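coords please:
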Amino acid sequence: MILFRYLTREVLLTMAAVAGILLLVIMGSRFIRYFSDAAEGDIPVTILGSLMVFHLPGFMELILPLAFFLGILLAYGQLYMNSEITVMVACGMSPVRLLRVTLLPAAIVAVLVGLCSLWLTPAGALQTAATLEEQRSRLDVSVIAPGRFQDFGGGRTAYIGSFTSDGTEMRDVLVHEQAQAAGDEHVHSYITRAASGYQETRLDTGSRFLILENGERYGVTPGMQAAERLTFERYTMRMNLSQDRRELDSLEFATTPELWQDDSPRAQAQWQWRAGLPLMVFVLALLAQPLSRVNPRQGRFAKLLPAVFLYVAYLSLLLAAVDAVGSGALAVAVGVWPVHLLFLGLGMLLLWRSQRRGMR
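Numbering: from 1, shown residues only. Model prediction:
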């Protein structure tokens, strides 16, 4: 029992360190991309935290298997370096018994990966898409950066010279929009310029309006010499919801029971991908144990690079099988399971060789 707790603690602590580093790198990269979008005015800064939380399960379902794989390699490799394995062999420890010890932390990690892949990741992806779609459809001019032309939906491009100190009023506003009346083959362009403006939301209807003051509105039609000019003290422009809304019924956002009941190849490929990730944890545990056996003169990082290449090959073949099933090139009944069986057989072969050679 003491040995079991010691090995489990070493594996889980190493896995946590590796997972923390990988998560920091991946989330940092995604945060920089979202922050760049916020700086350009595409999304408000206030939703950055929510977007990162929604992406977290999708990151964890891929990070945890790799971190557990590397955790076993590094933890057991350190045991070989410190000759602790020699003591375990003298006490009757064998590769099969060591594998039994490894299966409990593998089961814990598989449960976490299963929660992410089967439930949390599709829910988070749906929330991310819904949040971005909601922000895109609001046409909120408050996210527009002053001093630059930006598209804010509905065929409209806006330019705002500056905001007041409290951010409630705009200065030097210019709005360009294109419209086409029903039955009219011509596309009309309108340019509205105002000295100031502000945004207003009607509480009874929830409609959003852009109120412009002290300006002019010009209307022209390409190919025609006539033009319109309107001078106003107050002009109200309704900011309708964008009509080109994205579809949120993609299989990526579907729940796992919905995928199970859907007989289409794309749905079954998505379901097999989600169900195969927890299984991948056990296969990687079987592969990692014999690969962690190193000579003390080599160092515990001697087999790290080949192990990473093996993991990349496993994941690449799995993704290729998912695409083949989804496109119909591979039968659904066959699915992605031959890839898991291939690496399961490779792990059993490595373990058998390790058992024959002993753990010396």
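
and Ile211, what helix or strand is that in?
Ile211 belongs to strand 208-220 when assigned by DSSP states H and E.

I meant Gly197, not that one.
Gly197 belongs to strand 188-201, assigned by DSSP H and E.

residue boundaries of the helices in the stretch 201-350 of the chain?
Assigned by DSSP state H, counting those that start in this stretch, the stretch 201-350 of the chain shows helices spanning 256-261, 265-291, 304-327, 337-357.

Same list (the ones you listed) but as TSV, adding distance to Tyr235 and mean neighbour count.
In this view, the C-beta of every residue, glycine as well, is placed from N, C-alpha and C. Shown next, in TSV, are those (distance: least, Cβ to Cβ, whole Å; neighbours: other Cβ atoms under 10 Å):
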stretch	distance to Tyr235	mean neighbour count
helix 256-261	48	15
helix 265-291	49	22
helix 304-327	51	16
helix 337-357	62	15
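
Tell me which of those helices sits nearest to Val109.
helix 265-291 (5.1 Å; Cβ to Cβ).

as a whole number, average confidence for the closest one?
Taken as a whole, helix 265-291 has a mean pLDDT of 91.

Could you list every helix and strand in contact with that helix?
helix 48-81, helix 95-115, helix 256-261, helix 304-327, helix 337-357 (3 or more Cβ pairs under 8 Å, 6 or more residues apart in numbering; DSSP states H and E).

ok so, going back, what's the strand holding Gly197 packed up against?
strand 169-179, strand 208-220, strand 227-238.

Determine the angle, from 0 to 180 degrees, between the last one and strand 208-220.
Compare the direction of strand 227-238 with that of strand 208-220 by axes from the mean of the first three to the mean of the last three Cα atoms, to 10 degrees and you get 170 degrees.

pLDDT weak spots in the stretch 251-360 of the chain?
Residues of the stretch 251-360 of the chain meeting the criterion pLDDT under 70: 295-302, 355-360.

typo on my end, the stretch 1-150 of the chain
In the stretch 1-150 of the chain (pLDDT under 70), the answer is 1, 40-42, 83, 85-86, 89-90, 92-95, 134-145.

could the helices and strands packed on strand 188-201 be laid out in CSV, adding distance to Val18, mean pLDDT and mean neighbour count?
Converted to CSV, the helices and strands packed on strand 188-201 look like this (distance: least, Cβ to Cβ, whole Å; pLDDT from 0 to 100; neighbours: other Cβ atoms under 10 Å):
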stretch, distance to Val18, mean pLDDT, mean neighbour count
strand 169-179, 49, 85, 17
strand 208-220, 47, 87, 17
strand 227-238, 53, 87, 12
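
between those strands, which gets nearest to Gly20?
strand 208-220 (42.2 Å).

Parallel or antiparallel, list what pairs with the closest one.
Each strand paired with strand 208-220, and its direction, by DSSP bridges: strand 188-201 (antiparallel), strand 227-238 (antiparallel).

Find the helix or strand that Leu3 is a member of.
Assigned by DSSP H and E, Leu3 belongs to helix 2-39.

helices or strands up against that helix?
helix 48-81, helix 95-115.

hmm, back to that, tell me the gap between the strand holding Ile211 and the middle of its chain.
40 Å (Cα atoms, centre = their mean, to the nearest Å).

related to what we said a few turns ago, to Ser250, which of the helices and strands packed on strand 188-201 lies closest?
Distance to Ser250, taken as Cβ to Cβ, is lowest for strand 208-220 among those, at 27.7 Å.

Contacts made by that closest one with the rest, please.
With contact meaning Cβ atoms under 8 Å, 6 or more residues apart in numbering, strand 208-220 is reached by 138-141, 173, 175, 188-202, 227-239.

same deal with stretch 99-117?
With contact meaning Cβ under 8 Å, 6+ apart, stretch 99-117 is reached by 3-4, 7-8, 11-12, 15, 57-58, 60-61, 64-65, 68, 72, 273-275, 277-282, 285-286, 289, 351.

one more time with 6 Å
With contact meaning Cβ atoms under 6 Å, 6 or more residues apart in numbering, stretch 99-117 is reached by 4, 7-8, 11-12, 57, 60-61, 64, 68, 274, 277-278, 281-282, 285, 289.

related to what we said a few turns ago, could you check the angle the helix holding Leu3 makes with helix 48-81?
Using the same axes, to 10 degrees: helix 2-39 against helix 48-81 is 150 degrees.

buried sites along helix 2-39?
For helix 2-39, burial by neighbour count (16 or more other Cβ atoms under 10 Å) applies to 7-8, 10-12, 14-15, 18-19, 22-23, 26, 34, 37-38.

picking up where we left off before, export the strand holding Ile211 as PDB, just CAs?
Extracted in PDB, the C-alpha atoms of strand 208-220 (Å, rounded to 0.1, in the frame of the first residue of the first chain):
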ATOM      1  CA  ARG A 208     -31.000  49.200 -30.200                       C
ATOM      2  CA  PHE A 209     -30.800  52.600 -32.000                       C
ATOM      3  CA  LEU A 210     -28.000  54.900 -33.000                       C
ATOM      4  CA  ILE A 211     -28.900  58.500 -32.400                       C
ATOM      5  CA  LEU A 212     -26.900  61.000 -34.500                       C
ATOM      6  CA  GLU A 213     -27.000  64.800 -34.100                       C
ATOM      7  CA  ASN A 214     -26.200  67.700 -36.300                       C
ATOM      8  CA  GLY A 215     -25.100  66.100 -39.500                       C
ATOM      9  CA  GLU A 216     -25.800  65.300 -43.200                       C
ATOM     10  CA  ARG A 217     -26.900  62.200 -45.000                       C
ATOM     11  CA  TYR A 218     -26.000  61.600 -48.700                       C
ATOM     12  CA  GLY A 219     -27.500  58.900 -50.900                       C
ATOM     13  CA  VAL A 220     -26.000  57.900 -54.200                       C
END
